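Asker: What follows is a predicted protein model with its sequence.
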2 protein chains.
Amino acid sequence: MANIRDVAKLAGCSTATVSRFFNQKSVSADTERRIKTAIDTLAFSPNIVARNLKLKRSGMLGMIIPDISEPFFPAVVKTVEDVAWAHDYSLMLFNTQEDENRESQCVDILRGHQCEGILLIKAPPSPEHERYRAKLATLPLPIVYLDRSPDAERDAVLVDNITGAWRGVQHLLKLGHRRIAIVMMGRKVSTHLERLEGYRRALAEHGIEPAGQDIIQTEPTIADAYSATIQLLDRADRPTAIFATNARLTLGVIAAIKSRGLRCPDDISVLGHDGFDWQDVFEPRLTIVDQPGQLMGRRAAELLIGRITGTINGPVRRVVLNPELVVRESCGVYRDHTTSAFSATQS
Amino acid sequence: MANIRDVAKLAGCSTATVSRFFNQKSVSADTERRIKTAIDTLAFSPNIVARNLKLKRSGMLGMIIPDISEPFFPAVVKTVEDVAWAHDYSLMLFNTQEDENRESQCVDILRGHQCEGILLIKAPPSPEHERYRAKLATLPLPIVYLDRSPDAERDAVLVDNITGAWRGVQHLLKLGHRRIAIVMMGRKVSTHLERLEGYRRALAEHGIEPAGQDIIQTEPTIADAYSATIQLLDRADRPTAIFATNARLTLGVIAAIKSRGLRCPDDISVLGHDGFDWQDVFEPRLTIVDQPGQLMGRRAAELLIGRITGTINGPVRRVVLNPELVVRESCGVYRDHTTSAFSATQS
DNA sequence: CCAATCTATGTAATCGATATCATCATCGGC
DNA sequence: GCCGATGATGATATCGATTACATAGATTGG
């Protein structure tokens, strides 16, 4: 690969002049022409790594998420990449699989690459990585926690999961349900624990203490949620409603209900969590607690870039967005099953 | 940020020794201890950018895709990231929005970052970027085309879209359909043009020439597919089956059918394209032409890394994978609507 | 006991850019 | 016609690592 010296030699000038050419400094028309042809003949493309070493920047943002194939994340990542692009940043993406050890390696790699800031969807804390978490809180590098916040030392863009879940379960309670199960992700993921808390609070306000067997923790796959729900449904005293705390879990729950020949919401109600662009086409039309994924991505990316560029400074900012309860049919509010309107304004 | 010189100074040795420490070369036990404490007290993390400049590597792979929020891509990206991780590569991700101009900028950025190879899902060619495409074919950098192949000069991992579509439409024809519409993405995306070709061939074999109004090109959003399908359904002579050429289009078609109060497959059949992990929960259970997204990601990533490391050399490799026709209910084969079995072995 | 070998380490050039500082030619004004 | 301002350019140190080469001290063997 050609470097700036080769170009300089071919154009008959110094590397400084070539560098000036690339940085819009004054270069005579004649040298400019020579440099241009030199660049063309050598198919030269400047080495951004070298430039960045000198400039102590990198133009890179890191994004660490549990799993891009989890339905909630693509919209977040998409928005982040868009915002990053608009500010001339590139994105390095890592999946942790909810493994804190892998997460810690990702952070190291990003630091090493002189990445200018990190958007982090934290994996659940594990006992053997306390040191890593302590380090995380003090790394001299802008980090914005997204979705989950392991500590209060840093900027974060979160969702009020407790209130969201509370609102959803309240909705079920208002409809008369008293035996409500929750199918949630195990592994102590904070967002799910918060949703559990919202669920508990709503029930408590109606004097209900959920039975241990109605709190079901499982892996966040459709298959696992399916099996767990099958067991739940096969119990003699099955609940009248199920709250599933993310998209795949919701689908697993629905799959189990369908496979047992039950109808939702007629036989059992389902409250889901997280929205998708196909939610208006799905049957039953799901009542869900909807997180504003795109907005989360946008706010987090803008906050991070603001910190990097210095547009934003001062104390820690914690943006807490409100999930929205989107009422459709799966909890039994609407009984009209023939017209499932689809809003054409929605993308 | 501390650098290697600071560490050397604090440890009372030269930078060369510190470097040796990091690269597993022989260092005396005593210096090793001093270096370790120096690293700790300074919270030093080596600058990979500088190292890579010297070593002429970067440990980075680029992945350029149309849009991560398009349902087909997350599984591909996930697998690629996994394979990259297993080989100690990091991934830079870019969305082009099917805009070739943006794509070309992405390629420049990746080159600049000395990225070692690129996985490229090509945006459709636009007349004003011929020069870019010519350059692309000759860039001195391993590139593996994924899903779409703009030229035959490079490695590619593709799917036989013509045969896939042909097989699907054959299926419809065998079921007796003769008026089959296609709802496809406009913008001359090659994969969709190939699916159109497969559709045409299958029809031709039955002596059918599709009416121009049965070939519907639209933007790949649910909303646009919905509107386009509504118009189609409202025609006096509506077709008896619709082939939708990707996931969002399929959902838009289904949404339109539902919103017009029609039943699928009883009133109209739908052949979809692309699978998701929730496909077994969706109603109607869709018969689809399924692309092996994970396999594509894996093969492409392994091919790219093989080229980079030199494990794979020799002439251009073109891996063509077979899409699978997954027959469920939406074309009217199965009439048993009560048992929608869900395979628990599926993730 | 000294040459030969090995081990641990330092010195300095290098990767490919940028940017400071110096230099030199040109030009307008008085 | 001389002086200072302006513009174009070159030489060179620098960013933070690696590594070839040199060197000093320790070890080994005959």
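Answerer: Everything's here; your move.
Asker: got the buried residues for stretch A:237-257?
Answerer: The neighbour-count check on stretch A:237-257 (16 or more other CB atoms under 10 Å in any protein chain shown) flags A:238-257 as buried. C-beta here means a position set from N, CA and C on the backbone, and glycine is covered the same way.
Asker: swap that for stretch A:126-142, sorry
Answerer: A:S126, A:H129, A:Y132, A:R133, A:L136, A:L141, A:P142.
Asker: likewise stretch A:219-235?
Answerer: Buried, per 16+ other CB under 10 Å, within stretch A:219-235: A:219-230, A:232-233.
Asker: and chain B, which of the residues you listed contact it?
Answerer: A:T221, A:I222, A:A223, A:Y226, A:S227 (CB under 8 Å from any CB of the partner chain).
Asker: same question for the helix or strand containing A:H171, mean pLDDT?
Answerer: Assigned by DSSP states H and E, A:H171 belongs to helix A:161-174. Mean pLDDT, helix A:161-174: 96.
Asker: List the contacts of it.
Answerer: Helix A:161-174 has contacts (CB atoms under 8 Å, 6 or more residues apart in numbering or on different chains) with A:180, A:191, A:194-199, A:201-203, A:205-206, A:241, A:243, A:245, A:269, A:271, A:273, A:287-289, A:291, A:322-323, A:325, A:327, A:331.
Asker: Over to stretch A:140-149?
Answerer: Outside stretch A:140-149, the residues touching it (CB under 8 Å, 6+ apart) are A:76, A:111, A:115-122, A:136, A:154-159, A:189-191, A:296-297, A:300, A:303-304, A:307-308, A:318, B:1, B:43.
Asker: again, only this time at 6 Å
Answerer: When contacts are defined by CB atoms under 6 Å, 6 or more residues apart in numbering or on different chains, stretch A:140-149 is touched by residues A:117-122, A:154-158, A:190-191, A:300, A:303-304, A:307-308.
Asker: Which of the residues you listed fall in helices?
Answerer: A:S190, A:T191, A:A300, A:L303, A:L304, A:R307, A:I308 (DSSP state H).
Asker: For stretch A:260-271, buried residues please.
Answerer: A:C264, A:P265, A:I268, A:S269, A:V270, A:L271.
Asker: now these in a markdown table, with pLDDT, distance to A:Q170 and secondary structure?
Answerer: Output for the buried residues of stretch A:260-271, formatted as a markdown table (pLDDT from 0 to 100; distance: CB to CB, whole Å; DSSP: H, G, I helix; E, B strand; the rest coil):
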| residue | pLDDT | distance to A:Q170 | secondary structure |
| --- | --- | --- | --- |
| A:C264 | 89 | 19 | coil |
| A:P265 | 89 | 17 | coil |
| A:I268 | 95 | 18 | coil |
| A:S269 | 95 | 13 | strand |
| A:V270 | 96 | 16 | strand |
| A:L271 | 97 | 10 | strand |
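Asker: so which of those comes closest to A:S58?
Answerer: Nearest to A:S58 among these: A:L271, at 43.8 Å, using CB to CB.
Asker: which residue ranges form the strands in the stretch 51-200 of chain A?
Answerer: A:60-65, A:90-95, A:117-120, A:143-146, A:155-159, A:180-185 (DSSP state E, counting those that start in this stretch).
Asker: measure the residue of chain A found nearest DNA strand D to A:A86 for me?
Answerer: Residue of chain A nearest DNA strand D, by CB to the nearest atom of the strand: A:S26 (2.5 Å). Applying CB to CB, to the nearest Å, the value for A:S26 to A:A86 is 29 Å.
Asker: do the same with A:G59
Answerer: From A:G59 to A:A86 the distance is 13 Å (CB to CB).
Asker: more crowded one of the two?
Answerer: A:G59 (19 against 11; other CB atoms under 10 Å in any protein chain shown).
Asker: Report the contact partners of that one.
Answerer: A:Y89, A:S90.
Asker: Pick the one among the buried residues of stretch A:260-271 closest to DNA strand C.
Answerer: A:L271 (55.2 Å).
Asker: tell me which residues form a beta bridge with the closest one?
Answerer: A:F243, A:T287 (DSSP bridges).
Asker: I'd guessed it sits against A:A244; true?
Answerer: No - checked against CB atoms under 6 Å, the pair A:L271 and A:A244 is beyond contact range at 7.2 Å.
Asker: need the helices for chain A, in chain order.
Answerer: In chain A, helices defined by DSSP H lie at A:4-11, A:15-22, A:29-42, A:48-55, A:73-86, A:100-112, A:130-138, A:161-174, A:190-205, A:222-233, A:247-259, A:293-309, listed in chain order.
Asker: looking at these, which is buried most?
Answerer: Counting by mean count of other CB atoms under 10 Å in any protein chain shown, helix A:247-259 has the highest mean neighbour count of the helices of chain A, with a mean of 27.
Asker: Let me know the angle separating that helix from strand A:180-185.
Answerer: 130 degrees (axes from the mean of the first three to the mean of the last three CA atoms, to 10 degrees).
Asker: for helix A:247-259, packing partners?
Answerer: Judged by 3 or more CB pairs under 6 Å, 6 or more residues apart in numbering or on different chains; DSSP states H and E, helix A:247-259 is in contact with helix A:222-233, strand A:241-244.
Asker: List the contacts of stretch A:25-44.
Answerer: Contacts to stretch A:25-44, defined as CB under 6 Å, 6+ apart, come from residues A:A2, A:D6, A:V7, A:L10, A:A11, A:C13, A:V18, A:R20, A:F21.
Asker: so how far is it off the chain centroid?
Answerer: Centre-to-centre, stretch A:25-44 and its host chain are 44 Å apart (CA atoms, centre = their mean, to the nearest Å).
Asker: same deal with stretch A:136-156?
Answerer: That offset, for stretch A:136-156, works out to 15 Å (CA atoms, centre = their mean).
Asker: what does stretch A:174-182 give?
Answerer: 29 Å.
Asker: how close does A:R5 get to chain B?
Answerer: The spacing between A:R5 and chain B, counted by CB to the nearest CB, to the nearest Å, is 14 Å.
Asker: give the contact list for that residue.
Answerer: By CB under 6 Å, 6+ apart, the contact list for A:R5 reads A:T15.
Asker: With adjacent residues omitted, what lies nearest to A:D267?
Answerer: Spatial nearest neighbour of A:D267, chain neighbours left out: A:I257 (7.5 Å); criterion: CB to CB, 6 or more residues apart in numbering or on different chains.
Asker: restrict the contacts of stretch A:25-44 to those near DNA strand C?
Answerer: Among the contacts of stretch A:25-44, the residues lying close to DNA strand C (CB under 7 Å from any atom of the strand) are A:V18.
Asker: Now the two most distant members of the contacts of stretch A:25-44.
Answerer: A:A2 and A:R20 (18.0 Å).
Asker: Tell me if stretch A:40-49 is near DNA strand D.
Answerer: No - using CB under 7 Å from any atom of the strand, stretch A:40-49 stays clear of DNA strand D, with a minimum separation of 9.3 Å.
Asker: per-residue confidence averaged over that stretch?
Answerer: Mean pLDDT, computed over stretch A:40-49, is 94.
Asker: what stretches of chain A score poorly on pLDDT?
Answerer: A:333-347 (pLDDT under 70).
Asker: nearest spatial neighbour of the spatially most central residue of it, skipping sequence neighbours?
Answerer: By CA atoms, centre = their mean, chain A has its centre lying nearest to A:F73, at 4.4 Å. Counting by CB to CB, 6+ apart, A:F73 lies nearest to A:I65, which is 5.4 Å off, once chain neighbours are set aside.
Asker: burial count for the one you found?
Answerer: The number of residues packed near A:I65 is 26, by other CB under 10 Å.
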